[in-house]
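Peer 1: everything below, folded, please.
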Amino acid sequence: MFSFCTDPSTLESAQWLACYLTTGKHMGLYWSVLTVLALLAITAPAAILFGFGGATAARSRFAPLRWVGKGYISIVRGVPDIAFFLFFVIALDQLFEWARHSVLCPDWDQPIRQGNDFVVCAAAKLPLSSSPQWVHETYGFFLAILTFALVFGAFTANVLFGAMRAVPRAQIETAEAYGMSERQAFWRIMVPQMWVFALPGLSNLWMVLIKATPLLFLLGVEDIVYWARELGGTKTPQFTDYPHGDWRMWYFFALLVFYLLFTKFSEVVLDRVMKSLTKGQATTGGEAQRKAPA
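Peer 2: A predicted model of the protein is given here:
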């Protein structure tokens with residue numbers, strides 16, 4: 001990156017370190033940080049949407065829909081995350097390819113399941129083998145987002161389901177007594193108030209989601225833990241211009257600092273959101289604010 005990086009063996013310590021930290025592989029590390037942040041920024045609202053849908057379904061009066069909602073919550077919460085991640089991504093990828101295979105290759109006369117192999121026509125592969133590398137990476141990132149959103153959506157659904165039940169029934173009855181329909185009472189009374197009860201649980205889920213981002217490596221996405229292990233390992237002179245010993249401790253220490261700072265920032269933001277939501281409301285948080293000295 002710097003003009004003086006042409007011959008690393010002649011550099012002083014500070015210049016050597018500057019050149020070392022700006023190599024192509026380190027750029028991959030920095031890019032993976034943005035990948036993790038993008039995953040969190042997209043997955044969090046997606047998980048809330050899945051969770052809201054699951055919680056709404058779980059409290060539905062229509063029995064089959066209620067069974068679907070409660071089944072989604074129970075099944076995903078009952079399976080270890082790592083097992084679900086390993087299974088679901090493979091199953092989802094094969095589902096997409098099978099659907100494309102059924103449409104694009106109707107004359108295929110061979111079985112799709114051939115022992116341990118899943119074989120579809122070339123046109124049904126996702127992504128196509130001729131696709132550029134960024135398409136493969138984008139597809140893997142999409143599968144990662146969908147998997148994270150489904151897994152954490154189930155936990156979010158359980159939190160929101162409890163928050164909906166925590167809203168006093170008397171308020172819903174009062175709204176209905178004033179002429180609101182059941183749907184109006186749900187959207188105008190229950191939904192605005194349930195977030196106060198849901199936020200503590202959602203805050204915990206956000207912290208768990210941050211700590212779960214290293215699972216990206218299981219989904220084929222090169223995350224910051226992958227790069228820390230890759231770059232921190234011993235490098236010998238015949239394989240690199242920047243040889244060094246086993247530096248994994250320092251790389252993982254940097255990851256520790258990154259995650260601690262990020263979670264601390266999240267705590268500050270969530271605390272402000274909680275104070276805003278509970279201001280003036282008859283909740284524990286609102287009561288604490290009312291009694292606090294001016």
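Peer 1: now stretch 234-241: average pLDDT?
Peer 2: The average pLDDT for stretch 234-241 rounds to 77.
Peer 1: next, the buried residues of that stretch.
Peer 2: K235 (16 or more other Cβ atoms under 10 Å). Just so you know, the C-beta spots here come from the backbone N, C-alpha and C atoms, and that holds for glycine as well.
Peer 1: other SSEs contacting the helix or strand harbouring V33?
Peer 2: Taking DSSP states H and E as the criterion, the element that holds V33 is helix 24-58. In terms of contacts (3 or more Cβ pairs under 8 Å, 6 or more residues apart in numbering; DSSP states H and E), helix 24-58 is packed against helix 63-78, helix 133-166, helix 191-212, helix 224-232.
Peer 1: would you turn these into TSV with mean neighbour count and distance to T22?
Peer 2: Output for these, formatted as TSV (neighbours: other Cβ atoms under 10 Å; distance: least, Cβ to Cβ, whole Å):
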stretch	mean neighbour count	distance to T22
helix 63-78	15	42
helix 133-166	19	22
helix 191-212	18	27
helix 224-232	19	12
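Peer 1: and these as a markdown table, adding distance to V268?
Peer 2: Output for the helices and strands packed on helix 24-58, formatted as a markdown table (distance: least, Cβ to Cβ, whole Å):
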| stretch | distance to V268 |
| --- | --- |
| helix 63-78 | 29 |
| helix 133-166 | 21 |
| helix 191-212 | 11 |
| helix 224-232 | 22 |
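Peer 1: tell me who's in contact with V273.
Peer 2: L199 (Cβ atoms under 8 Å, 6 or more residues apart in numbering).
Peer 1: surely it is in a helix?
Peer 2: Yes - checked against DSSP: H, G, I helix; E, B strand; the rest coil, V273 lies within a helix.
Peer 1: quick one: it and F87, what's the gap?
Peer 2: 34 Å (Cβ to Cβ, to the nearest Å).
Peer 1: I48: which of the helices and strands packed on helix 24-58 is closest?
Peer 2: helix 133-166 (5.8 Å; Cβ to Cβ).
Peer 1: what's the angle between the closest one and helix 63-78?
Peer 2: Computed by axes from the mean of the first three to the mean of the last three Cα atoms, to 10 degrees, the angle separating helix 133-166 from helix 63-78 equals 110 degrees.
Peer 1: would you mark the buried spots in the helix or strand harbouring L261?
Peer 2: Element membership for L261 (DSSP H and E) is helix 248-278. Under the neighbour-count criterion of 16+ other Cβ under 10 Å, helix 248-278 has 251, 255, 259, 262, 266, 270, 274, 277-278 buried.
Peer 1: which one of the helices and strands packed on helix 24-58 lies nearest to W247?
Peer 2: Closest among the helices and strands packed on helix 24-58, using Cβ to Cβ: helix 224-232, at 4.6 Å.
Peer 1: now stretch 149-156: how far from the chain's centre is it?
Peer 2: The chain centroid and the centroid of stretch 149-156 are separated by 9 Å under Cα atoms, centre = their mean, to the nearest Å.
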